[in-house]
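Student: Sequence and predicted model, in that order:
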Amino acid sequence: MCGRYVMAKDTGDLADDLNRARLGPVQPPAFELPPNWNIAPTSTVPILVERYDDAGQLLRELHPARWGLLPVWAKDMTFSSRTFNARSETVVSKPSFRSAAKSRRCAVPAEAYYEWKAGGAKKRPHAIRAADGSPLVFAGLYEWWKDREAEARGESDPWILSCSILTGPSPETADDEAAGDQAAGGQAGVLADLAELHDRIPLAMTPEFAAQWIQPGDKSPEELEVLLEQLRTEILEVASGWEIYEVDPGVGNVRNNGPALLDPVPTLWG
C-alpha cells in the first residue's frame, strides 16, 4: 500500500523534473502547493493528466487533487479517507473505481514514499525512492465530485478533483536467488527487500507506460485488464532501480513535516 509519501518540490520544479524524466511536455502549472514531506490521505496533491483543449490540442497538465477518490455518488468527503489506494486487481469491477478506471486515469508524482516494517516492539518506517533521484510516477485514477453543501452556500466552484494511487502485489523473489543477488548488490535484492517490507506496492510507471495510461478516452474492461497486467509486470523493472532505508519514527505523526523526515536514521555502525 501507499499511505504516506513525499512531494517537496514546488509545482514549477516538479514540472521541470517530469520533463527531464521524459514525461512532458508539461504545461506551466497554474497553481502552487507547499512542500510536503509527510503527505497523508485527504491532503491536496499534484496529479498529471492529459486532456484536449477547445482547439483539439492534447495537453499534459498538473492539477491539484484531494488524495482519496470521491466517486460521483459519494455522500460526503469523508468517503475519500478509505479510497486513497485502489487495488489494481479489482479496479475494473469495484464500484468506487470502475468509472474512473474506464475514463479518468492520471499519474501521481512523488519523490519517495514511506512504508512500515514489522519487527521488534514497534514497526519501523522506511523510505523508498529512486536511487538516481528521478521522480516516482504512480498510476492513478481521478474523479470530479460536486460538494452539494458548497453549492447550497452559493460557492462559485463546488467541484472537487480527487485521486487514488493503484497498488499491486509486492515482487516475489525466491529466497536463494534473492540472497545471492543481494550479497552482490543485484536488483533482486531490492525486490526481495520490498517484498519483505509489505505485501503490497504502489504501482509506479515507466515514461512509456505513463503515456499510455494517462491518454484520454474510454477503455473497455478487456483493454484495461491488458494495461493493468502490463503495469503489474513492469513494476519489477521500475522498482529494481529503487533504494530503501530506515527513517525517523516521527514520520508516523502527520503533524511532523520537514526534510529531516526523509533522512536515514543513524545506525549503530554508521
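Tutor: Done, it's in.
Student: my read: Tyr245 touches Pro125, true?
Tutor: No. Between Tyr245 and Pro125 there is no contact under C-beta atoms under 8 Å: 10.2 Å. Just so you know, the C-beta spots here come from the backbone N, C-alpha and C atoms, and that holds for glycine as well.
Student: So between those two, which is more surrounded?
Tutor: Legend: neighbour count by other C-beta atoms under 10 Å for Tyr245 and Pro125, higher for Pro125 (19 against 14).
Student: which residues does that one contact?
Tutor: Residues in contact with Pro125, defined by C-beta atoms under 8 Å, 6 or more residues apart in numbering, are 114-117, 246-249, 251-252.
Student: and what of Phe31?
Tutor: 11, 62-64.
Student: Can you read off the pLDDT for it?
Tutor: Per-residue pLDDT puts Phe31 at 95.
Student: That one and Ser81: what is the separation?
Tutor: Phe31 sits 23 Å away from Ser81, going by C-beta to C-beta, to the nearest Å.
Student: now swap in Ala239 and tell me
Tutor: 27 Å.
Student: do Lys219 as well
Tutor: 28 Å.
Student: related to what we said a few turns ago, biggest separation within the contacts of Phe31, which pair?
Tutor: Thr11 and His63 (10.0 Å; C-beta to C-beta).
Student: Give the next helix or strand downstream of the worst-scoring helix or strand of the chain on mean pLDDT.
Tutor: Within the chain, confidence by mean pLDDT, DSSP states H and E is lowest for helix 175-183 among all helices and strands, at a mean of 41. Counting by DSSP states H and E, the next helix or strand C-terminal to helix 175-183 is helix 187-197.
Student: and that next one, which residues are buried?
Tutor: Buried positions in helix 187-197, judged by neighbour count with 16 or more other C-beta atoms under 10 Å: 187-195, 197.
Student: Stretch 93-111 now?
Tutor: Buried residues in stretch 93-111 (16+ other C-beta under 10 Å): 96-98, 100-102, 104-111.
Student: how far away is Leu62 from Leu18?
Tutor: 8 Å.
Student: Now the most centrally placed residue in the chain. Its backbone dihedrals?
Tutor: With distances taken as C-alpha atoms, centre = their mean, the residue of the chain nearest its centroid is Phe138 (3.9 Å). Main-chain torsions, Phe138, degrees, to the nearest 10: phi -80, psi 140.
Student: My guess is it contacts Ile165. True?
Tutor: Yes. Counting by C-beta under 8 Å, Phe138 does reach Ile165; the two are 4.7 Å apart.
Student: before we move on, the earlier item: settle it for me: which of Ala239 and Ser81 has more neighbours?
Tutor: Ala239 (24 against 12).
Student: quick one: contacts for the more buried one?
Tutor: 171, 190-191, 194, 201, 204.
Student: One more: Ala40?
Tutor: 3-4, 67, 254.
Student: Please tell me how far it sits from Gly68.
Tutor: On the measure of C-beta to C-beta, Ala40 and Gly68 end up 10 Å apart.
Student: next one: Ala204
Tutor: 19 Å.
Student: Kindly report the same for Gly217.
Tutor: 25 Å.
Student: So for the two, which sits in the more crowded spot?
Tutor: The neighbour comparison of Gly217 against Gly68 (other C-beta under 10 Å) goes to Gly68, with 24 against 9.
Student: Identify the spatial nearest neighbour of the more buried one, chain neighbours not counted.
Tutor: Ser80 (2.7 Å; C-beta to C-beta, 6 or more residues apart in numbering).
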